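S.K.: Everything below, folded, please.
(one chain, ligands or ions: 2)
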Amino acid sequence: MTTEDLRTAQRAADELRQRTGVDSYAAAFVMGSGWGAAADALGEVVAEVETSALPGFQPPAVTGHSGRIRSVRSGDRDLLVFLGRTHLYEGHGTAAVVHGVRTATAAGASRIVLTNAAGSLNAEMPVGSTVLIADHINMTGESPLEGPSFVDLSDTYSASLRAAAREADTTLREGVYAAMRGPQFETPAEIRMLRMMGADLVGMSTALEAIAAREQGASVLGVSLVTNLAAGLAGQPLNHNEVLETGREAAAGVGDLLAGIAARL
Ligand SMILES: O=P(O)(O)O[C@@H]1C[C@H](O)[C@@H](CO)O1
Ligand SMILES: Nc1nc2[nH]cnc2c(=O)[nH]1
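M.R.: Numbers count the residues shown, from 1 in each chain. Ligands and ions are numbered 1, 2, ... in the order given. Take a look at the predicted model:
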């Protein structure tokens, strides 16, 4: 991270405070593909801000991701809810990918919940299931960090936040998420390789955001919605519409999960 990146995140956080009237947020939620409708379950929407009004945000470029941020009241806490994200494959670099997380931590959030749509490599994680991310394998070849920022990643996905999520839903399984650059989906050979490497899930987000959150000292919870079997496992081509459709079908269930997590953060 450069000082310019941090300064831009601080400016975005200040502008956000001005527009929402909230001085500090307890936590932030980032909605992945297909998770947008689930955000409605998080609590009362106090304010909604277009990211175009804030410094450092890129316009939304992926169907299912909007350029809006909600300030949500959940019990006695204020939550920041990002109804979309920027992906590395959009070509704006790693600072753009993690700007939302940096803005959230600059606005006080000490817990970051990252959700995503993922392909499953594990027969015990079928389409429609939600999986807690226990750890990630960063296959992007990129990092949001620059210089001697030797951040420890041995507990990237907080064990205590995962325990809290399991209180909300005892059926939740845990898996390893492989983060690919994309935008192409994987080849069957790449999926076989990732499986041999210990991955259960494959996606195109989350890992860089988690690294940036850890650099800022925030705790991270990652949750994947399995929207498809990974390439070569389903016997049919993959497409983004299928990802969104599965997300729409699962919205009610994952909304209840998010509400349960929010109540336990
Ligand atoms: O933001 P997420 O990671 O949920 O988006 C997933 C990964 C790709 O961006 C897209 C592929 O369908 O959905
Ligand atoms: N890379 C990747 N991202 C996804 N997002 C949803 N499904 C997939 C998938 O199969 N592969």
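S.K.: residue ranges of the strands in this protein, please?
M.R.: Here the chain has its strands, by DSSP state E, at 27-30, 44-50, 68-74, 77-82, 111-120, 130-138, 173-179, 201-203, 219-229.
S.K.: and ligand 2, which of those is closest to it?
M.R.: Ligand 2 sits nearest to strand 111-120 of all those, at 2.4 Å, using C-beta to the nearest ligand atom. Quick note: C-beta positions are derived from backbone N, CA and C, even for glycine.
S.K.: Format the strands of the chain as CSV; extra columns: distance to ligand 1 and mean neighbour count.
M.R.: Shown next, in CSV, are these (distance: least, C-beta to the nearest ligand atom, whole Å; neighbours: other C-beta atoms under 10 Å):
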stretch, distance to ligand 1, mean neighbour count
strand 27-30, 8, 26
strand 44-50, 19, 14
strand 68-74, 15, 22
strand 77-82, 10, 25
strand 111-120, 4, 27
strand 130-138, 12, 21
strand 173-179, 9, 23
strand 201-203, 5, 27
strand 219-229, 7, 25
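S.K.: Serialize these to a markdown table and add fields for mean pLDDT and distance to residue 36.
M.R.: Putting the strands of the chain into a markdown table (pLDDT from 0 to 100; distance: least, C-beta to C-beta, whole Å) gives the following:
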| stretch | mean pLDDT | distance to residue 36 |
| --- | --- | --- |
| strand 27-30 | 98 | 11 |
| strand 44-50 | 97 | 13 |
| strand 68-74 | 97 | 9 |
| strand 77-82 | 98 | 10 |
| strand 111-120 | 97 | 10 |
| strand 130-138 | 98 | 15 |
| strand 173-179 | 98 | 20 |
| strand 201-203 | 98 | 16 |
| strand 219-229 | 97 | 12 |
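S.K.: Stretch 234-242 vs ligand 1: in contact?
M.R.: Yes: looking at stretch 234-242 against ligand 1 by C-beta under 6 Å from any ligand atom, the contacts come from residue 240.
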